[in-house]
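**Student:** What follows is a predicted structure for the sequence shown.
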Amino acid sequence: MSRYELLNNIAHKGLRVTTGFGRQFGDEVGMVVAFPTEFAELQREYPIFFRKDGERGEWQAVALLGFDRTENLFLQDGRWNATYLPGAVAKGPFLIGFQEQRIDGELRREPVIHVDVEHPRVGFDTGEPVFLEHGGNSAYLEHIAGVLRGIRDGVEGGRAMFAAFDALGLIQPVSLELQLDQQHRVSLAGLHGIDRERLTALDSASLHDLHRAGYLEGAYLVLASLHNLRRLMAEKQRRLRLAEGG
């Protein structure tokens, strides 16, 4: 069970985070939340889709990792077999929160980092140090802070972007029926994508509005990401052949 604490170099002196990958760290998942701030990187290696957030009923983007709820085809022998690690994974046991702080006499809500002290990656023996010996932030923590800023900006910008896509009817259901070989077929339900025909049929005013808001590029990055389904299929086929050979 998660137990988040406000990160500080006194209470968490000596804290270390294991950065490997595997089932023990909760990495066996078929998809992770994706953020518009990372679409340019994600679309090179991961298929990007949309689905409805079960709690808020809002659209969210996801990067597909496998063809089953617990299948991550990027995991291999404790490694993540891709050059870019999605922010939702890279953040590890950390999340960004807000705390009221008085700055220049004014009370403001400032972003602060929290750590899940019950996370299986967290310990004091092995892994990347969170703080330097004398209390400063380690290079690892500085990297995490950058990842969390990208997530924060992605969450805020994503809501408006996805709402704009939805208002124009661009987010439509996607039927994924993939034949892997003669014996194996996979079917994925509940995913949505950008409708290319509707996008190209938009009037000039709507296209201009999307472009001015910075959303048009995001739509095309999502479309471009779909070629990565072939990569996932190839890796799934390889593992099926290995399983049958074993």
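**Tutor:** Cool, got the structure. Being a predicted model, the structure only gives us computed values, none of them experimental.
**Student:** What mean pLDDT does stretch 165-176 get?
**Tutor:** The pLDDT scores in stretch 165-176 average 95.
**Student:** Would you mind measuring the gap between the ends of it?
**Tutor:** End-to-end distance for stretch 165-176: 21 Å, by C-alpha to C-alpha, to the nearest Å.
**Student:** next one: stretch 63-74
**Tutor:** Start-to-end, stretch 63-74 (C-alpha to C-alpha) is 12 Å.
**Student:** and the residue lying closest to Leu229 once chain neighbours are set aside, what does it touch?
**Tutor:** Among residues not flanking Leu229 along the chain, Pro47 sits closest, at 5.1 Å (C-beta to C-beta, 6 or more residues apart in numbering). (Each C-beta comes from the backbone N, C-alpha and C, glycine too.) The contact partners of Pro47, by C-beta atoms under 8 Å, 6 or more residues apart in numbering, come to 63-64, 225-226, 228-229, 232.
**Student:** Output those residues as CSV; include the columns pLDDT and distance to Gly92.
**Tutor:** Below are the contacts of Pro47 laid out as CSV (pLDDT from 0 to 100; distance: C-beta to C-beta, whole Å):
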residue, pLDDT, distance to Gly92
Ala63, 98, 17
Leu64, 98, 21
Ser225, 98, 24
Leu226, 96, 29
Asn228, 97, 24
Leu229, 95, 28
Leu232, 95, 24
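**Student:** Out of the residues you listed, which is nearest to Ala34?
**Tutor:** Ala63 (4.4 Å; C-beta to C-beta).
**Student:** Could you list the buried residues of stretch 125-141?
**Tutor:** Neighbour-count burial for stretch 125-141, counted by 16 or more other C-beta atoms under 10 Å, picks out 127-131, 137-138, 140-141.
**Student:** Can you give me the buried ones in stretch 14-31?
**Tutor:** Using 16+ other C-beta under 10 Å as the test for burial, stretch 14-31 gives 15-18, 21-22, 25, 27-31.
**Student:** which pair in the buried residues of stretch 125-141 spans the largest distance?
**Tutor:** Gly127 and Asn137 (15.6 Å).
**Student:** all helices for this protein, in order.
**Tutor:** 39-42, 87-90, 139-167, 196-200, 204-213, 216-225, 228-245 (DSSP state H).
**Student:** Can I get those helices in CSV including distance to Ala189?
**Tutor:** Shown next, in CSV, are the helices of the chain (distance: least, C-beta to C-beta, whole Å):
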stretch, distance to Ala189
helix 39-42, 22
helix 87-90, 22
helix 139-167, 19
helix 196-200, 21
helix 204-213, 28
helix 216-225, 19
helix 228-245, 15
